[in-house]
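> What follows is a predicted structure for the sequence shown.
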Number of protein chains: 4
Amino acid sequence: MNETDFESYRAFRRDLHRHPEPAWCEYYTTDRIVAALRDREPDDLYVGREALASDARTGVPDADTLDMWADRAREAGADPDVLELTADGHTGCIAVFERGDGPTVGLRVDIDALPVTEADGPDHEPAAGGYRSEHEGYMHACGHDAHATIGLGVIDAVLAGGFAGTLVVVFQPSEERIGGGRPIAESGHLDDVDYLLAVHVGLDHPSGEVVSGIDGFLAVQHFRADFEGRPAHAGANPEQGRNAVQAMATAVENLYAIPRHADGKTRVNAGVVGGGTATNVIPEEAFIEGEVRGGTTDLADYMFHKAERVLRAAAETHGCSVAIESTGGAPSATSDAALAAVVGEAASGVDGVETVRDRDDLGGSEDATYLMERVQDRGGLACYVCVGTDHPGGHHTSTFDVDDEDVRIAIDVLADAIDRIGEAPPSNR
Amino acid sequence: MNETDFESYRAFRRDLHRHPEPAWCEYYTTDRIVAALRDREPDDLYVGREALASDARTGVPDADTLDMWADRAREAGADPDVLELTADGHTGCIAVFERGDGPTVGLRVDIDALPVTEADGPDHEPAAGGYRSEHEGYMHACGHDAHATIGLGVIDAVLAGGFAGTLVVVFQPSEERIGGGRPIAESGHLDDVDYLLAVHVGLDHPSGEVVSGIDGFLAVQHFRADFEGRPAHAGANPEQGRNAVQAMATAVENLYAIPRHADGKTRVNAGVVGGGTATNVIPEEAFIEGEVRGGTTDLADYMFHKAERVLRAAAETHGCSVAIESTGGAPSATSDAALAAVVGEAASGVDGVETVRDRDDLGGSEDATYLMERVQDRGGLACYVCVGTDHPGGHHTSTFDVDDEDVRIAIDVLADAIDRIGEAPPSNR
Amino acid sequence: MNETDFESYRAFRRDLHRHPEPAWCEYYTTDRIVAALRDREPDDLYVGREALASDARTGVPDADTLDMWADRAREAGADPDVLELTADGHTGCIAVFERGDGPTVGLRVDIDALPVTEADGPDHEPAAGGYRSEHEGYMHACGHDAHATIGLGVIDAVLAGGFAGTLVVVFQPSEERIGGGRPIAESGHLDDVDYLLAVHVGLDHPSGEVVSGIDGFLAVQHFRADFEGRPAHAGANPEQGRNAVQAMATAVENLYAIPRHADGKTRVNAGVVGGGTATNVIPEEAFIEGEVRGGTTDLADYMFHKAERVLRAAAETHGCSVAIESTGGAPSATSDAALAAVVGEAASGVDGVETVRDRDDLGGSEDATYLMERVQDRGGLACYVCVGTDHPGGHHTSTFDVDDEDVRIAIDVLADAIDRIGEAPPSNR
Amino acid sequence: MNETDFESYRAFRRDLHRHPEPAWCEYYTTDRIVAALRDREPDDLYVGREALASDARTGVPDADTLDMWADRAREAGADPDVLELTADGHTGCIAVFERGDGPTVGLRVDIDALPVTEADGPDHEPAAGGYRSEHEGYMHACGHDAHATIGLGVIDAVLAGGFAGTLVVVFQPSEERIGGGRPIAESGHLDDVDYLLAVHVGLDHPSGEVVSGIDGFLAVQHFRADFEGRPAHAGANPEQGRNAVQAMATAVENLYAIPRHADGKTRVNAGVVGGGTATNVIPEEAFIEGEVRGGTTDLADYMFHKAERVLRAAAETHGCSVAIESTGGAPSATSDAALAAVVGEAASGVDGVETVRDRDDLGGSEDATYLMERVQDRGGLACYVCVGTDHPGGHHTSTFDVDDEDVRIAIDVLADAIDRIGEAPPSNR
């Protein structure tokens, strides 16, 4: 990679870093990516609602929130036509480059930011370098600004090389709310992909280390349960109430007590709860926003089935009703070893890579698994790649940061892997 | 009362005291009472199943237990014919004495003992006096031996006086398990009673004090809930279990948390619980034996309705089933003031009575209320009388004791009250 | 009362009704009352911090909230000098009128409004009459606008009559948050009061009915419990967390399960709860805002003691800490019969009064009890009077309303009662 | 193995099978084994208390139970001298055979039976063959009769062959209650063992299959928690009680809700619970007999630490005290691959063995791990061997059975493995 390209990628990432946008609100981000893609003249470009199965979206914010972010994007110079295509929480895009006969290779990067307030001390590089978040309270604290940049860089490198085949690059919205993977998968745009690569920086791996095949994705299911009871004066007539907070508390107690499962990891969390209106009123309403996870999709299903039963019975215990909504989720997935091997070979030859590990566990969840599953179900191979970076703060903290040199490594590893796939398509057999 | 009668009542009570029998097992006790009644030549005598609506009985022990107590009674000399009439847990009896035109007056006494081990120190009068319980682990610790004796004494005194009317004396079994009141009431033998008196000694009132009208009976409902789940190896496959102990615990937590009620006293207790078979097996079974109470019958119903919902939902929370059985109960009741006034007048003239109070709260439950309710529903009056006694230990404790002089007072008060009723039948109007 | 006075009171109440202010934010209200009092030339006038033991206040809102309401009051024309005296949540005032030798009689009225959105349909008199709340989301939904008006009216009537003695009228802030009674009591301004009257309109009594002595005040204690645990990633390392939401839920379950008490009413409510930050984070923080009550002050103390133990042990169960803060409360109290009798006599002679009841239960809590207790502890008598009104909606609902004619009745009843006290001071002996 | 030996082992096993004895009550069983060992003239024979660190025993039954089983053994012909050595729950024995220079090889077998009622239908071989349990309600339902027989057979085979070294055979009591492993380990008798083999039949592996190295032992810790509160009349004075059943239920709810752990399997079970005395008494006492487990010893410790905190805080929640007793446990362990390899080689050459698997997970717990840990901590190797058998019913069920032919296979495999160890001692390096 020449110095000019390096500088251009750095500038692009810093622009995104200054404008972090949360899930389904990536209006400015999508606009900047679309502009960059149009410069590269893709054969097909699907923007916003063209790239998504709209009904499969989950966790979309309310209209006021969407409007606020759209206004901010407009003020920051976003193209009205792109804003039209992405309106109402239809962010992200997919670019297709056809380069002759050969396999179809997909690359998935994600683009959303987090509700984290960015550090502003002199030790924090974005603050020192003048590209700290301009949206106070929001931050690219998980490196998705780097991922979007890597997407562009890989396109440039592949187009500049001898790759014969089709390259499909997905700029996925709403990974942090586990909301964008499924509508991308169900859009059908990946149905012809033979090899899918996904990439993440960091994950507690240092600069110079590449993990060619990440596994151990916990399947996850988010939910929201709204309990509804009946209010009553807590002093005068407690017996007339139906106590939604008691229902919620009974549910919390029993959610965490769902039996452990012999087949592998299971998780449950009542992450955000609330209820009631006043100390002297028997609470009429309460809610739980929670999640279940499993080492396999079946284990997450087991937990969700049990959780539903607990939620309904807890409501019944206190004469309340409960509405349970699935608010996003993702299956488990496994990186195909044959494809990971190609990535590993590529990584070994890239300047700056010191260690190549063939697998490691993610330990958490990721909705790239929807895309991996889609491709694998149709006979393709998929692999989730980690490119290390010495992030000073942990993921999702105010001092997280990515080294631009590691962005360069990621581009090189992935582009070289795609070249190798084109030359000798791997197979599981 | 002459000295001979006093001695005979004392001997009778001591015999019963030596042979305490728990609820529905009062075989020897009933036999002794029947023999004493036959000496008094009643116009009608209903023994055992003749005195009871058999199907209305609750809390009857299992056949082995009943057989054991019947055997003990037989060995102690009980009449085989009486044992035949009382077989299978049909204890107690009702005697009717017709003495010319006039009101029908009922008197109810109860006869069962408790599973309490009697004290045997020199300070405990029955131990010192040589009439301590011969059935180790059981004891007349609530004075029902005195009550049965009072029943006989009142008959003697009324028959010896000028009472014109009909006297019906009920020797009720199974008060301690709240099991005998309803089958007596539903037998119909009290349907013509115009005035019903019930009596209890002690109740924390001292010797020389009489309360002419006890109120504040808590309505009560006993229940048993059997939870059934599915066992599983707790180490190898916990997820295959359906945990009946978790269901029981969830129920216990929420039973005690049933909302308080503005209209008066409510109570709930999970008095006896158990479950599980081994530390390494997910428990398949568990149970709760409990009760609810209320200051009124409606309040007890409120509690029972809520308790049922809690029990069912707790089972459902853990995928278990639950069978809920009502195992006895009693309504609330109120002593009629007009009848209590007659008792108060009688008491004022009895030798040894120093204080007459017109009302006090029981604070607990009693199934005499079934009989009181039956009589009151048919237009009669009812009144529950307390005759104090300086019991050294509290009710239901190993040192409880009754002074024979207070038995004499009770006989005199009640017999005089019955005479007064015969002479000038009171009315609520 | 002549027509001019009636109109002036109506206008005064409507002005307050248009400007409802919540507890400790009654800046405009206090300003209007102070202005009206100054017109009446009191011998002493204690405003804001002069009327309160500042440290005894509870439930004072944060500075931003206080500032917002102070700004609104300023914009509505409040006197800067009064705003200075009431700054930082020191609202309310006390006026003293000395009229010769005779008893010191106190009258307590409260002045705060509620966070209720007022109805705006044509059936709602304030909306139809053009004096609906101008502070959207807040409303005089408990008649305290009428109470403040009654305070002024009674002053006028008493001053116009022959009362000999001292009249002390308390315009108490923050009754709805049970926050103003204690700082008024501890200010000492009532320490010489011989007779204290408090008044409330409505309470489900119809127009034309007066209850001369309200009893059955539940003692109440508000609290806030803040649980602090340790966050952890719910998927990757749940064992590293200390789950504050689990602690809160365990507390809620067990708070409602505190044993019922034989001595009278007990209540507990976890009225507002919350916790957690994100579905995928083990919750670090949670809180409960709750209350306990008792039919006596001792019973409320019993409940609070048990609640504290539950809160601490629930935190410990999950390795969390908890900070428990008492956020206001009030004792129980009893109206003195001798004083209530005077009120009853006065009421009987007032035009428009059809029924006078000598007592009824409040069923809820009121911090007038602090003032009553203060006066009674120092040998005075106290009495809480209810003047009925046909309120179309219940207290604390959006359609609550007070008939001005009932305000007139209240003024007449209280002024006549004060005259009678002056003429023939009642005594409990 | 010749037919005579085969018959003699069969007869020995059937004798034990007819006399199943539960943990710490294996008086007759130990007597029979000691007699058989004496026939084989061991160099050392440690019987009963000579073989055990007495204080390290856990789960020893009460004296009445021990006496009953000792009486039964005496009646069945046990040697009084042996009964003296094993008195008071000191069962089991260790035999040492010195056969020249060479490694010390240990073999551990267990000998206790289970509280299971044996099937008596014609399909159940022991019933059909006339050697069904003579102790109704107890049964060798886990094959420990076969294990004891294997111990003798291996001694015979090793002594008959050319083994040079020392053979130590442990006949361990109380495996089913996880009580005998630790006192054997702490006796020191295994401190010079270089290679330890343990053996189990069945474990769902069919006849003809041998697993040379069992792993996946869950570390386990049994406990008993006794809650003590204060009784009170549930109707009259519930507030005077301290409810031990509520404490127990709160503990159960929260035990199952201990956070899952990222490092591996964790388990908890409240296997047996109970409490309370009567429906109308606030329960004074309650208990939990439970267990925790972990995929590693650290994970079991994590669970036990959390469980203790839950138990203590649950007691505190309800004003109760709790006494927590550890009632046995076992660490996790791993079979050494080098030693398992020798077993695998031996098994491959044994007649009747069709499949040799090198490892499988136990999935449960076993206190052989105490012995394995002791040997491994001192530099030795250990290996847990499974010899399959087509058991018609599962382990711990009434129709469990072992094929004598598989006993023969086990003897041959182990004896040959010991010969191989003597010839070429394996090493982990």
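Cool, got the structure.
> Spatially nearest residue to the spatially most central residue of chain A (excluding sequence neighbours)?
Nearest to the mean C-alpha position of chain A, by Cα atoms, centre = their mean, lies A:Glu175 at 1.8 Å. Nearest residue to A:Glu175, sequence neighbours excluded (Cβ to Cβ, 6 or more residues apart in numbering or on different chains): A:Asp110, at 3.8 Å. From N, CA and C alone the C-beta is placed, and that goes for glycine too.
> List the residues that contact the residue nearest to the centre of chain A.
Applying Cβ atoms under 8 Å, 6 or more residues apart in numbering or on different chains to A:Glu175 gives the contacts A:Ala23, A:Asp110, A:Ile111, A:Asp112, A:His144, A:Gly181, A:Glu366, A:Asp367, A:Ala368.
> Could you report the distance from the second one to A:Ala87?
Separation of A:Asp110 from A:Ala87 (Cβ to Cβ, to the nearest Å): 21 Å.
> Among these two, which residue is more densely surrounded?
Per other Cβ atoms under 10 Å in any protein chain shown, whichever of A:Asp110 and A:Ala87 has more neighbours is A:Asp110, with 29 against 15.
> Give the buried residues for stretch A:235-250.
A:235-239, A:241-250 (16 or more other Cβ atoms under 10 Å in any protein chain shown).
> Run the contact check for it versus chain B.
Yes: using Cβ under 8 Å from any Cβ of the partner chain, stretch A:235-250 reaches chain B at A:Ala236, A:Asn237, A:Pro238, A:Glu239, A:Gly241, A:Asn243, A:Gln246, A:Thr250.
> Span of that stretch from start to end?
Distance between the two ends of stretch A:235-250: 22 Å, counting by Cα to Cα, to the nearest Å.
> Distance from that stretch to the middle of the chain?
Its chain's C-alpha centre and that of stretch A:235-250 lie 39 Å apart, by Cα atoms, centre = their mean, to the nearest Å.
> touching chain C at all, that stretch?
Yes: counting by Cβ under 8 Å from any Cβ, chain C has neighbours in stretch A:235-250: A:Gly235, A:Ala236, A:Asn237, A:Pro238, A:Asn243, A:Val245, A:Gln246, A:Met248, A:Ala249, A:Thr250.
> Any residue of that stretch touching chain D?
No: Stretch A:235-250 stays clear of chain D (Cβ under 8 Å from any Cβ), getting no nearer than 9.3 Å.
> List the buried residues of stretch A:83-93.
Applying 16+ other Cβ under 10 Å to stretch A:83-93 flags A:Leu83, A:Leu85, A:Thr86, A:Gly89, A:His90, A:Thr91, A:Gly92, A:Cys93 as buried.
> Now that stretch: average pLDDT?
In this model, stretch A:83-93 carries a mean pLDDT of 98.
> Stretch A:252-262 now?
97.
> export it as PDB, just CAs?
In PDB, the C-alpha atoms belonging to stretch A:252-262 read as follows (Å, rounded to 0.1, in the frame of the first residue of the first chain):
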ATOM      1  CA  VAL A 252     -35.800 -12.000  37.400                       C
ATOM      2  CA  GLU A 253     -35.300 -14.400  40.200                       C
ATOM      3  CA  ASN A 254     -36.300 -17.400  38.100                       C
ATOM      4  CA  LEU A 255     -34.700 -16.300  34.800                       C
ATOM      5  CA  TYR A 256     -31.200 -16.600  36.400                       C
ATOM      6  CA  ALA A 257     -32.300 -19.900  37.900                       C
ATOM      7  CA  ILE A 258     -33.100 -21.600  34.600                       C
ATOM      8  CA  PRO A 259     -31.300 -25.000  34.700                       C
ATOM      9  CA  ARG A 260     -27.800 -25.300  33.400                       C
ATOM     10  CA  HIS A 261     -27.500 -27.400  30.300                       C
ATOM     11  CA  ALA A 262     -25.100 -30.300  29.800                       C
END
